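A.B. asks: Just a sequence and a predicted model for now, questions to come.
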Amino acid sequence: MQWANAIGPPGEEAAASATADQGSGQGGNLSLLRNHNASLVLDLLRKAGEDGISRPEIADYTGLTPQAVSKITARLRQAGLLAEAGRHPSTGGKPRTALRLEPSAAYAVGVQLDRDEMTALLLDLSGSRVATRAVSADLGAGPDVVTDQVADQVRALLAQSLGGGPGGRPARARVAGFPDVGERTRAWQEREGLVDEGGEGDDGAARVLGVGVAMPGPLDHRAGVPLRVTGYPEWDGYRLRDELAGRLGLPVALDKDTNAAALGILLQGESGSFAYVHLGTGIGAGLVLEGAVYRGVRTGAGEFGHQVVQLDGPSCACGKRGCLEALCLAAIARGDVAEAARVLAVGVTNLAELLDIDQVLLGGRAVAAAEAEFVRGVRAALRSRTRLMVAPAGGSAYRIAEGAAQLVLAPVFGRTEAPAGLRMH
């Protein structure tokens, strides 16, 4: 059974399922929603963790009939995506068999490409980190040089953690498994020799779904192209997604680092409308509005650091004067965290009053170095203007790289659209 068929079967469960309100997040009943229903089941298994969830519980949560759930779970199990997790007590009758996600069924690579360092990590299907590599890097070395470095690190990561092929080549992916591009991915992998003609690939071949790359913006998420990255004009228009896909022979998605972080936070259970504000080698924001990452019409939303907050201020590398990023980073450079927090609070206030969001989460290496001071300073400046909640983003030190991997994993669970910029050849 192929992964793509397990997600999007030719089958009958749509006709068998009861009428359900898709707007409430429950499973639909039209044949066009078969992928949606399988993704709902996978997402419930992901959330249930090692304890698992029973078929009747899946039916209750999704609104699908027991027959539909049985057919979907049978296909997912045959594809190796789920396993039994013991039995749950029943309120009547025999105990219910619990099902859980099989984490080792598939993997995704996440890469954070910063101005001065690179982090590559591997997440399993459950979103748990399997392996990590971090090395110094320099965006100023040029796009081709840096892309070669990224490809080398991904190959080394896969060889280290999954046992790559000859010469450190990544283990061969069997089926990519994105709900709405599974068949195209399958055809592409066959053309590229990533699966055997029989369709199963090597017995030891890991199911690597693809690579998500997160880097400073601005960039075009759909085209997979960086634009005028501040201080690095040579990246403008470079086809990073295509170039990396060609080097690795794997699907690649590209997004802004702050968007990737916001996606990861969203998938960890955060809800509503919030902004992830990142303060590191630059400043940016990832926006989540009403439960979805907001990228804007041209996927350029969140260039938070380049709002002008002082008309006669110092020059910024972007070409403007008085940008929040220039002022804030200058304060950090001279060790004035209080002033950096005050400047940051000006931008956060503008953001909150413009978008009416619920909260702002602060992250990045500069925040991590003085987390309490930044949170306290921003809160104090906002207290008289808004009731917005300000908190540290917390979580892993690899939040952005993990979010980059989620660009690949999240669509499998129906938690976001499949990356519009996914490049498979």
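C.D. replies: Noted; the coordinates are in hand.
A.B. asks: mind listing what residue 256 touches?
C.D. replies: 214-219, 221, 284, 286, 302 (C-beta atoms under 8 Å, 6 or more residues apart in numbering). No exception for glycine: its C-beta is placed from N, CA and C like everyone else's.
A.B. asks: closest to residue 389 among those?
C.D. replies: residue 286 (16.6 Å; C-beta to C-beta).
A.B. asks: Now the closest one: closest residue in space, sequence neighbours ignored.
C.D. replies: Spatial nearest neighbour of residue 286, chain neighbours left out: residue 262 (3.0 Å); criterion: C-beta to C-beta, 6 or more residues apart in numbering.
A.B. asks: Next, count neighbours for the residue lying closest to residue 300 once chain neighbours are set aside.
C.D. replies: Closest residue in space to residue 300, ignoring its immediate chain neighbours: residue 218 at 4.9 Å, by C-beta to C-beta, 6+ apart. For residue 218, the neighbour count with other C-beta atoms under 10 Å is 22.
A.B. asks: pretty sure residue 218 is touching residue 303, no?
C.D. replies: Yes: if you go by C-beta atoms under 8 Å, residue 218 and residue 303 touch, sitting 5.8 Å apart.
A.B. asks: which residues do these two both contact?
C.D. replies: Common neighbours of residue 218 and residue 303 are not found (criterion: C-beta under 8 Å, 6+ apart).
A.B. asks: returning to what we had before: mind checking which of the contacts of residue 256 are in strands?
C.D. replies: Per DSSP state E, strands hold the following members of the contacts of residue 256: 214-215, 219, 284, 286.
A.B. asks: List only those of those residues flagged as buried.
C.D. replies: Among the ones in strands among the contacts of residue 256, those classed as buried by 16 or more other C-beta atoms under 10 Å are 214-215, 219, 284, 286.
A.B. asks: Find the residue ranges of the stretch 151-300 of the chain scoring beneath the pLDDT cut-off.
C.D. replies: For the stretch 151-300 of the chain, applying pLDDT under 70 flags the ranges 164-206.
A.B. asks: so what's residue 346 up against?
C.D. replies: Residue 346 touches 309, 324, 381, counting by C-beta under 8 Å, 6+ apart.
A.B. asks: what pLDDT, on average, does the helix or strand hosting residue 86 get?
C.D. replies: Counting by DSSP states H and E, the element that carries residue 86 is strand 82-88. The average of the pLDDT scores along strand 82-88 is 85.
A.B. asks: The buried ones among the ones in strands among the contacts of residue 256 into JSON lines, with extra columns for distance to residue 351?
C.D. replies: Putting these into JSON lines (distance: C-beta to C-beta, whole Å) gives the following:
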{"residue": "214", "distance to residue 351": "20"}
{"residue": "215", "distance to residue 351": "22"}
{"residue": "219", "distance to residue 351": "20"}
{"residue": "284", "distance to residue 351": "12"}
{"residue": "286", "distance to residue 351": "11"}
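A.B. asks: Out of the residues you listed, which is nearest to residue 115?
C.D. replies: residue 215 (9.0 Å).
A.B. asks: Please name the bridge partners of that closest one.
C.D. replies: residue 256 (DSSP bridges).
A.B. asks: Looks like the residue nearest to residue 286 contacts residue 293 (just checking).
C.D. replies: Yes: Residue 262 is within contact range of residue 293, at 5.6 Å (criterion: C-beta under 8 Å).
A.B. asks: who touches both of these two?
C.D. replies: Joint contacts of residue 262 and residue 293 (C-beta under 8 Å, 6+ apart) are 286-287.
A.B. asks: what ranges do the helices span in the stretch 151-300 of the chain?
C.D. replies: Ranges of helices in the stretch 151-300 of the chain, per DSSP state H, counting those that start in this stretch, are 182-191, 240-248, 257-267.
A.B. asks: What residues does residue 225 make contact with?
C.D. replies: 219, 237-241, 254.
A.B. asks: Just the buried residues of those residues.
C.D. replies: 219, 238-241, 254.
A.B. asks: which residues sit against stretch 315-331?
C.D. replies: Contacts for stretch 315-331 (C-beta under 8 Å, 6+ apart): 228, 230-231, 279, 282-283, 304-314, 337, 339-340, 343-344, 346-347.
A.B. asks: that older thread, just put the contacts of residue 256 in a markdown table and tack on distance to residue 368.
C.D. replies: Converted to a markdown table, the contacts of residue 256 look like this (distance: C-beta to C-beta, whole Å):
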| residue | distance to residue 368 |
| --- | --- |
| 214 | 17 |
| 215 | 19 |
| 216 | 17 |
| 217 | 21 |
| 218 | 24 |
| 219 | 24 |
| 221 | 26 |
| 284 | 16 |
| 286 | 17 |
| 302 | 20 |
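A.B. asks: Let's see the pLDDT reported for residue 418.
C.D. replies: As predicted, residue 418 sits at a pLDDT of 47.
A.B. asks: Give me the subset of the contacts of stretch 315-331 lying in strands.
C.D. replies: Cross-referencing those against strands under DSSP E gives 279, 283.
A.B. asks: PyMOL command for the buried members of the contacts of stretch 315-331?
C.D. replies: Per 16+ other C-beta under 10 Å, the buried members of the contacts of stretch 315-331 correspond to this PyMOL selection:
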select buried, resi 230+279+282+283+304+305+306+307+309+313+337+339+340+343+344+346+347
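A.B. asks: Among the contacts of stretch 315-331, which lie within helices?
C.D. replies: 337, 339-340, 343-344, 346-347 (DSSP state H).
A.B. asks: Closest to residue 390 out of these?
C.D. replies: residue 344 (10.0 Å).
A.B. asks: The closest one contacts residue 275, correct?
C.D. replies: No: Residue 344 is beyond contact range of residue 275, at 11.9 Å (criterion: C-beta under 8 Å).
A.B. asks: hang on, isn't residue 211 packed against residue 249?
C.D. replies: No: the pair residue 211 / residue 249 is not scored as a contact, 10.4 Å apart, by C-beta under 8 Å.
A.B. asks: Settle it for me: which of these two has more neighbours?
C.D. replies: residue 211 (30 against 18).
A.B. asks: got the contact list for the nearest residue in space to residue 298 that is not next to it in sequence?
C.D. replies: Nearest residue to residue 298 in three dimensions, chain neighbours excluded: residue 220, at 7.1 Å (C-beta to C-beta, 6+ apart). Applying C-beta under 8 Å, 6+ apart to residue 220 gives the contacts 226-227, 298-300, 421.
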